[in-house]
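**Q** mind looking at a prediction? Sequence and model below.
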Amino acid sequence: MGFEFPPYRPPSEAYSMLIRVTRNCPWNRCAFCIMYKGQKFSRRPVEDVKNDISMAAEVYGERPTMFWADSNSIILKTGELEEILDHTYKVYPNLERITSYARAKTILHTKTVEELRRLSEAGLTRLHLGLETGDDWLLKFINKGATAEDMVKAGRMVVESGIHLSEYVILGLGGAERSEMHARETAKVLNQIDPAFIRVRTLIPIPGTPLHEVFEKGVLHLGSPLGVLKETRTLIADLEVNSEFLSDHVSNYLPVNGKLPEDKDDMLEFLDSNIELLEVDPETGKKLLQPEYLRRL
């Protein structure tokens, strides 16, 4: 039918209609990422996107949510995005959510708070941003292309606009050497942003990426499961946000989920009990963790 299926989407969008608004990634230099390699970024014509949206009912049937791919569709001009949103709600008037990936630098360079507010009013519900870390040294090391200050400014713009913000954090990203710095600096950034969602993934260095070579050469050393759980505890203990904290990814060792600040004590108690068990009885403690073969799916 000519419908373009995007290659990637967040786990939380597993049951959403997937609409390809852009192709690939305009940055595509992050040291930990294997996606979109060798592929050129391009913007799809608005009419093509609208045709796919009209065709989506035949592909998906009726679904309550829609996700725009690929990695940074917010890069389109605001008027173009409004046109797509207007068409979407004409075709699917009962949609509950439309979401998209975005990049902090793109928001800072191509959007104002007022433009983001227009998109919110037109029906863009949520943006997924990869914070990864709040540690400036580590952001530069992984070639993220943004500073902690950039992350705060862009995040605050999204929050102020009324669009729900989902920030992603990679646990273990700084290895054993920068674990505490990574956790504490990330909490500082998140506290300034106060996103609707904080979603964590645990680092699995992927062969073929620059970060994999870093760990292979011993520049950094991969954190142990115990070290990653302690890092998670430090992060949560330092957070002062009104956010949903979600471990909604197969890479994570434990399902640490809750609403902050209400559930913080329960989340820390859950981590403490598992940390203590790993320290006192490592073999039993490891049986409660996500198995390695599942973490790498």
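**A** That came in fine, so what should we check first?

**Q** list the buried residues for the helix or strand of the chain with the lowest mean pLDDT?
**A** When each helix and strand of the chain is scored by mean pLDDT, DSSP states H and E, helix 292-295 comes last, with a mean of 90. Buried residues in helix 292-295, counted by 16 or more other Cβ atoms under 10 Å: R295. Using the backbone N, CA and C atoms, a C-beta is placed for each residue, glycine as well.

**Q** for stretch 159-167, same thing?
**A** 159, 161, 163-167.

**Q** picking up where we left off before, now do the least confident helix or strand of the chain: distance to the chain's middle.
**A** Helix 292-295 sits 20 Å away from the centroid of its parent chain (Cα atoms, centre = their mean, to the nearest Å).

**Q** likewise stretch 49-59?
**A** That offset, for stretch 49-59, works out to 26 Å (Cα atoms, centre = their mean).

**Q** quick one: buried residues of that stretch?
**A** 49-50, 52-53, 56.

**Q** so what touches that stretch?
**A** For stretch 49-59, the external contacting residues (Cβ atoms under 8 Å, 6 or more residues apart in numbering) are 1-4, 17, 19-21, 66, 83-84, 87-88, 91-92.

**Q** from L119, how far off is A56?
**A** Between A56 and L119 the distance is 20 Å, computed by Cβ to Cβ, to the nearest Å.

**Q** also K259?
**A** Distance of K259 to L119, computed by Cβ to Cβ: 26 Å.

**Q** if we look at the least confident helix or strand of the chain, which residues are touching it?
**A** 202, 204, 250-253.

**Q** derive a ChimeraX selection command for the buried subset of those.
**A** One line in ChimeraX is enough to select the buried ones among these; burial here means 16+ other Cβ under 10 Å:
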select :202,251,252,253
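
**Q** sorry, back to before: farthest-apart pair in the buried residues of stretch 159-167, please.
**A** Comparing every pair within these by Cβ to Cβ identifies S161 and E167 as the most remote, at 15.0 Å.

**Q** so, low pLDDT: which residues of the stretch 151-297 of the chain?
**A** For the stretch 151-297 of the chain, applying pLDDT under 70 flags no range at all.

**Q** which stretches in it count as strands?
**A** Secondary structure of the stretch 151-297 of the chain (DSSP state E, counting those that start in this stretch): strands at 164-171, 197-202, 244-246, 258-259.

**Q** paired strands for the third one, with orientation please.
**A** So the one you mean is strand 244-246. Applying DSSP bridges to the sheet, strand 244-246 is found paired with strand 197-202 (parallel), strand 258-259 (antiparallel).

**Q** could you export those as CSV, including distance to R178?
**A** Output for these, formatted as CSV (distance: least, Cβ to Cβ, whole Å):
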stretch, distance to R178
strand 197-202, 15
strand 258-259, 26
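
**Q** who wins for proximity to K230 among the ones you listed?
**A** For K230, the closest of the strands paired with strand 244-246 is strand 197-202, at 12.8 Å, according to Cβ to Cβ.

**Q** and that closest one with strand 164-171, angle?
**A** Orientation check (axes from the mean of the first three to the mean of the last three Cα atoms, to 10 degrees): strand 197-202 against strand 164-171 gives 20 degrees.

**Q** run through who's touching strand 197-202.
**A** Strand 197-202 is contacted from outside by 10, 12, 164-172, 190, 228, 232, 235, 239, 241, 243-249, 251-253, 256, 260, 295, using Cβ under 8 Å, 6+ apart.

**Q** what about 7 Å?
**A** Residues from elsewhere that reach strand 197-202 (Cβ atoms under 7 Å, 6 or more residues apart in numbering): 166-172, 190, 228, 243-249, 251-253.

**Q** centre of the chain to that strand, how far?
**A** Using Cα atoms, centre = their mean, the offset of strand 197-202 from its chain centre is 7 Å.

**Q** still on that earlier bit, need the buried ones from the contacts of stretch 49-59 selected in ChimeraX.
**A** Of those, the buried ones can be selected in ChimeraX as follows, counting by 16+ other Cβ under 10 Å:
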select :4,17,19,20,21,66,83,84,87,88,92
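
**Q** of all the contacts of stretch 49-59, which two lie farthest apart?
**A** Of all the pairs that the contacts of stretch 49-59 form, the one spanning the most space (Cβ to Cβ) is M1 and E83, at 21.8 Å.

**Q** make JSON lines out of the strands of the stretch 151-297 of the chain and add distance to R126.
**A** Converted to JSON lines, the strands of the stretch 151-297 of the chain look like this (distance: least, Cβ to Cβ, whole Å):
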{"stretch": "strand 164-171", "distance to R126": "4"}
{"stretch": "strand 197-202", "distance to R126": "8"}
{"stretch": "strand 244-246", "distance to R126": "12"}
{"stretch": "strand 258-259", "distance to R126": "17"}
